[in-house]
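Undergrad: Provide a 3D model corresponding to the input given below.
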Amino acid sequence: MNGIFAQTEIKYDVIKLFKTHCAECHNEYRLGGTGPVLLPENLKYLRKPAAINVIRNGRSSTLMPAFKDKLADTEIQSLVDFIYTPLKSLPDWNMAKIKASHSIYYKENSLPNKSVLNVKDHLNLFLVVERGDHHVSLIDGDTFKTVHRFKSRFSLYGEPQFSPSGRFVYFSSRDGWISKFDIYNLKLLAEVRVGINTRNQAISADGRYLLVANALPHTMVLLDTRDLRPIKQYQVKDIQGKSSRVSAVYTSPPSNSFFAALKDIPELWEISYADEPPHGFGIWMHDYRVDSGENTKLQLFPLRRIQVNDYLEDFFFDEDYISFIGVTHAAKGQVVDMDVKKVIVPKIDIPGKPHFGSAVSLDSKGRKVLLVPNFRKGIISVLDMNSWKLIKEIKTLGPGFYMQTHDKSPYVWTDVFFGPDKDAMHVIDKSSLKIVKTIRPAPGKKSAHVEFTRNGKYALVSVWDKQGEIIVYDSTSLKEVKRIPMNSPSGKYNVFNQVRSLKIKNE
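TA: The predicted model follows:
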């Protein structure tokens, strides 16, 4: 046997079984098609017993049929073992394949620039990702009513990105699909597939570009937000040619740059999207002709490599985008000063595995502090953001994932994502840095991911269950206000809060 199948060292009979029953939807190399990618990197949220059940009984609200009448239990087990077997070489997803996947359904300038939704404040809408049946719901943040619901790609992953006006939203799926949706007209405008296992995406502060990070293959892809036209595919390698997965990408509005943390080489990449070439960039990666009415100009996207002390799993920018705090493979922090582009604090020693990507910075009694949840330990680490010293630990009921606050709220909300107390939600007072209340929104069911309304008056919590809910709380009194039934709601995103994070004036 040739190609990717031979490299997996799987018996031919299993390959033949897969080609006969699965390849039509999932691609003969397991790279996805109408069905999702079937590689270990893409199946982290699907345990083997659950995978057996899906093959045997099908999956509701999808095209996945039941095979219990066609395949014996031993055949189903062999297929599951096969799809959880990693490939020995990276599959190719090159620029030609990206361009071939690109579809434009509507041009944005062909649709009215006025919302069809009858809501008081378009920017106070919430987009809720329902993982249970792969849909997105729009909730009015003033009435807490669902005003629209639409089908999404399989397994949306990473935060959606919003245009500066809040009209357009860009979704990424774990298997590499980027989708552009018009909230005003409730229409899908364009799609493109940029990879096989995608980590996240970031939008430029001016709303013109998207940069998408991939773990498979080892690439980043730059897109034009107008129609998701691919501009450039970056092969992520060091100067010796060693390739790397990309942990995450974010935008830095003050510098008009994207930043990328890399998992396998000790570098932090900065890619500029500024109109004028900035000082200090050594490599000009690409040029792109940007149509701006009557004139067409050359846009450059130079790359700067910043050396760091260790591989980066994730990172956090302070509110001024001067300090970059990254977490390493060894679960230690390091601080890069973005003015001088150098590591200034080589090691922040925090127990367990801190999750800087969900950290919260705030002023507490005149001191600027950073609160960091932890994947492995039941603690919130509190760092002084001047000295970068650990000054306090807040003990929780277990390891957490998501943490959130609002400028007008006196509290920080954090979940207990892992372990037996997954149904708990801690509320921390910003002044005392103590837990003042522990809420259990739905006993026995996982509660996670808090988001606030535009004015910070209400906090919304997700109950991650097939018979799940979005639960609305008064963010000051902490009293429950309303429950909205949902199908495994995970993330929810307030349009204004997401747009504000770009720190630019609305379009």
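
Undergrad: alpha carbons only for contacts and neighbour counts from here, please
TA: Will do.

Undergrad: Walking through the protein, point out its helices one by one.
TA: For the chain, the helices defined by DSSP state H occupy 3-7, 12-21, 23-26, 48-57, 73-83, 95-101, 495-500.

Undergrad: Just the C-alpha atoms of the fourth one, please, in PDB.
TA: Think helix 48-57. Extracted in PDB, the C-alpha atoms of helix 48-57 (Å, rounded to 0.1, in the frame of the first residue of the first chain):
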ATOM      1  CA  LYS A  48     -13.400   5.600  22.100                       C
ATOM      2  CA  PRO A  49     -16.600   4.200  23.700                       C
ATOM      3  CA  ALA A  50     -18.500   7.200  22.400                       C
ATOM      4  CA  ALA A  51     -17.000   6.700  19.000                       C
ATOM      5  CA  ILE A  52     -18.200   3.000  19.000                       C
ATOM      6  CA  ASN A  53     -21.700   4.200  19.800                       C
ATOM      7  CA  VAL A  54     -21.700   6.800  17.000                       C
ATOM      8  CA  ILE A  55     -20.600   4.200  14.400                       C
ATOM      9  CA  ARG A  56     -23.100   1.700  15.700                       C
ATOM     10  CA  ASN A  57     -26.100   4.000  16.200                       C
END
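
Undergrad: what's in contact with it?
TA: 64, 65, 66, 67, 68, 76, 77, 80 (CA atoms under 8 Å, 6 or more residues apart in numbering).

Undergrad: okay, and for this protein, where does confidence drop off?
TA: 1-12, 28, 33-34, 44-45, 60-63, 90, 277-299, 329, 331, 503-507 (pLDDT under 70).

Undergrad: mind listing what the spatially most central residue of it touches?
TA: Ranked by distance to the mean C-alpha position of the chain (CA atoms, centre = their mean), the top residue is residue 158 at 1.4 Å. The contact partners of residue 158, by CA under 8 Å, 6+ apart, come to 172, 173, 199, 200, 201.

Undergrad: Most neighbours among those, which one?
TA: Ranked by neighbour count (other CA atoms under 10 Å), those have residue 172 at the top, with 29 neighbours.

Undergrad: okay, now residue 360: neighbour count?
TA: The number of residues near residue 360, taken as other CA under 10 Å, comes to 21.

Undergrad: which of the helices of the chain is buried the deepest?
TA: helix 495-500 (a mean of 21; mean count of other CA atoms under 10 Å).

Undergrad: Report the distance from that helix to the chain centre.
TA: 16 Å (CA atoms, centre = their mean, to the nearest Å).

Undergrad: counting contacts, what elements does it pack onto?
TA: Contacts defined by 3 or more CA pairs under 8 Å, 6 or more residues apart in numbering; DSSP states H and E place helix 495-500 against strand 125-130, strand 161-162.

Undergrad: quick one: which of the ones you listed is nearest residue 153?
TA: Evaluated over the helices and strands packed on helix 495-500, closeness to residue 153 peaks at strand 125-130, with 10.7 Å, by CA to CA.

Undergrad: mind listing what that closest one pairs with, with the direction of each?
TA: Strand pairing for strand 125-130, using DSSP bridges, gives strand 135-140 (antiparallel), strand 489-494 (antiparallel).

Undergrad: Return the most buried member of these.
TA: strand 489-494 (a mean of 26).

Undergrad: need the helices and strands packed on helix 495-500 in a markdown table with distance to residue 271 and mean neighbour count, can you?
TA: Shown next, in a markdown table, are the helices and strands packed on helix 495-500 (distance: least, CA to CA, whole Å; neighbours: other CA atoms under 10 Å):
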| stretch | distance to residue 271 | mean neighbour count |
| --- | --- | --- |
| strand 125-130 | 29 | 26 |
| strand 161-162 | 18 | 24 |
